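Engineer: I'll drop the sequence and a predicted model, then ask my questions.
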Amino acid sequence: MKHFLLATTLIFSAPAAMACETVTIGDLTVEHAWSKATIGAGRPGVFYVEIKNSGTTDDALVGITTPAAGMPMLHETVVQDGIASMPHAMSVPVPAGQSVQLAPGGYHGMLMELTTALKEGDSFPVTLSFEKSGEVTVNVDVLSLRAEGPDCADAGQ
Amino acid sequence: MRLRSLQIILWIAATAAVITFLAVRWWPATDDTATADSAFMPTFALADSEGRMRTTAEFRGKFLLVFFGFTSCPDVCPTTLSEVAQVMDDLGSAAGSVQPIFISIDPERDRRLGLADYTTAFHPAILALAGSEEDTKSAAASFKIFYEQEADTSSPDGYTMAHSPSLYLIGPDGEWLRQFTYGTSAAEIVSDLLTRL
């Protein structure tokens, strides 16, 4: 019974834990990769992540690819003079010694031409391309439509 | 002497009238977030997802939480919809006095993608409206909000919509009360609403 409970706990905690997975490439640490459930596949999904640059050289996120979407791109939500728009971001700067967040209301990955609807509890890989550090792949957790971010102990939210 | 009393009474009446006028004229402006005078009554007449015409008049007696957006927007609109859903949950038994209304500024595409399925997934209380281009323009003009289609090859169907992302609160008599700017937390909105309900 004890083992059963433990196994059950692990199974149910696994999805939440994955967004808290950390991958590194060179001086960059990539973590808290998450997305939101979508209603069907006709509308774009979203991709959020945190990138920390502990090195002394500036870097930049220049692109994302994923098998989950035919046309993933980086965008930035800009609210200026009371108007919200979402220009395409050619790259997201990751300055030396700093952290950047792709988070609601700011930079985000826009996953267009989804191959399938994103369901809460699913996960899919996204490969991030950095100007200097190269490519790294993270697992992205699909959280609920109304999620505000992954629930990680060290998320600092 | 009687004439003099009459004069005094008239002066008092005139002064009272001026004070009343000033109070009515300036009272809304003393509310730190009110942005319009008491005569501002924005309206809409737009089709819902079943094609029925819905107008501001049918919601008299309720507070309206109105916001404009489009469903192909992955970041801003879901964030606002989530906030509104949270507000409705947190209002508890008072939720019946508040009607949240999502007005599509991209009505043709939103009707095609399925409007009600989308907003219901956030909260079943949210009423989604997508009228004709003309009706949408009239509603936006009435609420004094801005929206514009922008060509963008990096967006679905080659365009995206820029728009005012605020929430607008309309009172039970149809009068504009205030706006909640983008990013206002659900808790702040709920506490404001509870002081009015």
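Structural biologist: Ah, there it is.

Engineer: what about B:P124, how many neighbours?
Structural biologist: By the criterion of other Cβ atoms under 10 Å in any protein chain shown, B:P124 has 11 neighbours. For glycine as for every other residue, the C-beta is placed from the backbone atoms N, C-alpha and C.

Engineer: and what of the one 5 residues further on?
Structural biologist: The burial count assigned to B:L129 is 26, neighbours taken as other Cβ under 10 Å.

Engineer: what's the closest non-adjacent residue to it?
Structural biologist: B:L46 (4.0 Å; Cβ to Cβ, 6 or more residues apart in numbering or on different chains).

Engineer: Contact partners for the one you found?
Structural biologist: B:53-55, B:103, B:129-131, B:135-136, B:139 (Cβ atoms under 8 Å, 6 or more residues apart in numbering or on different chains).

Engineer: Go ahead and confirm B:D89 touches B:H123.
Structural biologist: Yes - at 7.4 Å, B:D89 counts as touching B:H123 under the criterion of Cβ atoms under 8 Å.

Engineer: So if I had to pick from the two, which one is more boxed in?
Structural biologist: A direct count of neighbours by other Cβ under 10 Å for B:D89 and B:H123 places B:H123 higher, at 18 against 14.

Engineer: residues from chain B in reach of chain A?
Structural biologist: B:71-76, B:78-79, B:82, B:85-86, B:113-114, B:117-118, B:121-122, B:146, B:150, B:152, B:154-156, B:160, B:162-166, B:181-183 (Cβ under 8 Å from any Cβ of the partner chain).

Engineer: In strands, which of the residues you listed appear?
Structural biologist: B:150, B:160, B:162-163 (DSSP state E).

Engineer: Nearest to A:L102 among those residues?
Structural biologist: Closest approach between these and A:L102, by Cβ to Cβ: B:T160, at 17.9 Å.

Engineer: Filter the ones in strands among the residues of chain B next to chain A down to the buried ones, PyMOL style.
Structural biologist: The buried residues among these can be selected in PyMOL (16 or more other Cβ atoms under 10 Å in any protein chain shown) with this line:
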select buried, chain B and resi 160+162+163
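
Engineer: which other helices and strands contact the host helix or strand of B:F102?
Structural biologist: Following DSSP states H and E, one finds B:F102 within strand B:98-104. In this structure, strand B:98-104 makes packing contacts with strand B:63-69, helix B:76-91, strand B:127-129, helix B:133-143, judged by 3 or more Cβ pairs under 8 Å, 6 or more residues apart in numbering or on different chains; DSSP states H and E.

Engineer: Burial check on B:A13, number of neighbours?
Structural biologist: A count of nearby residues for B:A13, using other Cβ under 10 Å, gives 10.

Engineer: contacting residues for B:M88?
Structural biologist: B:95, B:98, B:100, B:123, B:125-126.

Engineer: Same question for B:L127.
Structural biologist: With Cβ under 8 Å, 6+ apart, B:L127 has these contacts: B:48, B:54, B:99-102, B:119.
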